[in-house]
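Q: Requesting a structural model of the entry that follows:
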Amino acid sequence: MRAITTPLSELKEFNEINEYLEKPFACAEVTGCVDSQKLHIIDGLGADFKYRIIVTYSDLRAKEIYEDYKFYDRNVTVYPAKDLIFYQADVHSNEIARQRIRCMRRLIEGRPVTVVTTFAALMTPQIKPEVIKDHILSLDRHSAIDVVEIGKKLVTMGYTRNYQVEAPGEFSIRGDIVDVFDLTEENPFRIELWGDEIDSIRSFDILSQRSLEKLESVDIYPASEIILEDEELEKGFARIQEDTDKAVKALRDEFKTAEAHQLKKQTEELKEQLFEFKSAVNLESYIRYFYEDTVTIQELYLYRRATACTGTCKGCGNRVS
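A: Modelled structure (predicted):
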């Protein structure tokens, strides 16, 4: 890649901008580039940065940039926005959640990453990284486990139990075999037990069921961005119910009975969904009821920066930006 970026270093303006960006909280604007030059300039300016964010105006444009930028950086990932109309549909793919959690995983683990996102996704509130870290299921060989507790934990983490895993975000328990398809991985894991101890951990092919790689340990990340224990769920819904009762009373005082009935019915359906069907797919717009403190992807990036090295890291040699 040096053959591509080296010519940029011969430009006086490029070197001036690069030196300026080394200053804390520096901000520079580059104009006059055609589309084919933009990613080239971005890669050149951020060559020594460990974490980078590319922000654009739409998810479609973000996907185009992601596909093109893979030529420059293999650590690039896309962080799509949540389109609540489709994201909260009763039947929807978990691909959006998969891309978002995969991006957050790279930031939490401190691996180099270039995030391509939109302004909408950049400012959308989400749970704090500490919540995600507290719900990572870590398994290693020869450690004692409880199959029942693992099943409960995976359900809390947003995984769906199935007889046989077929897609990311699913798990199955068949006797002494536990299969989990981590939402951020390309292949599922198979954990074989000997009594209450783990005998082996392997990744396997979803179609042929053949083993691919033996592993000593695995970290399974949540399959949902809303991770709630029973107590947290009850407290959050109590806040929703309280606000609903106030809003319904205000509407009835204004003789808006139809609107009051619709709001009350909506809350009752949400309660049934949460406590009867144990489904939390439509909680994105209620996130602040369940989490008092939320962050954005930009704040998550700053969190990673605060917990990583500053200046030039002697261990990785990368600048934090």
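
Q: Low-confidence ranges, the stretch 201-321 of the chain, go.
A: Within the stretch 201-321 of the chain, the stretches with pLDDT under 70 are 280-282, 300-321.

Q: Would you state the strands of it in chain order?
A: Taking DSSP state E, counting those that start in this stretch as the test, the strands found in the stretch 201-321 of the chain are 211-215, 217-220.

Q: Please produce CSV containing these, extended by mean neighbour count and distance to residue 28.
A: Heads up, the C-betas are built off the backbone N, CA and C, glycines and all. CSV is the format used below for these (neighbours: other C-beta atoms under 10 Å; distance: least, C-beta to C-beta, whole Å):
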stretch, mean neighbour count, distance to residue 28
strand 211-215, 12, 44
strand 217-220, 16, 37
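
Q: Make JSON lines out of these and add distance to residue 64.
A: Formatted as JSON lines, the strands of the stretch 201-321 of the chain follow (distance: least, C-beta to C-beta, whole Å):
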{"stretch": "strand 211-215", "distance to residue 64": "32"}
{"stretch": "strand 217-220", "distance to residue 64": "32"}
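
Q: Between these, which one is closest to residue 37.
A: Comparing the strands of the stretch 201-321 of the chain by their distance to residue 37 (C-beta to C-beta), the top pick is strand 217-220, with 39.4 Å.

Q: quick one on the thing from earlier: between the strands of the stretch 201-321 of the chain, which gets nearest to residue 21?
A: Of all the strands of the stretch 201-321 of the chain, strand 217-220 sits nearest to residue 21, with 33.6 Å by C-beta to C-beta.

Q: elements contacting the closest one?
A: Identification of packing neighbours for strand 217-220 by 3 or more C-beta pairs under 8 Å, 6 or more residues apart in numbering; DSSP states H and E yields strand 137-140.

Q: Now tell me what touches the strand it packs on from outside.
A: If you take C-beta atoms under 8 Å, 6 or more residues apart in numbering as the criterion, strand 137-140 is touched by 145, 150, 153-154, 157, 191, 198, 201, 216-220.

Q: Distance from stretch 110-128 to the middle of the chain?
A: 8 Å (C-alpha atoms, centre = their mean, to the nearest Å).

Q: which parts of it are buried?
A: By 16 or more other C-beta atoms under 10 Å, the buried positions in stretch 110-128 come out as 113-118, 121-122, 124, 126-127.

Q: Which pair of those residues spans the longest distance?
A: Of all pairs drawn from the buried residues of stretch 110-128, the greatest distance, 22.8 Å, lies between 114 and 127 (C-beta to C-beta).
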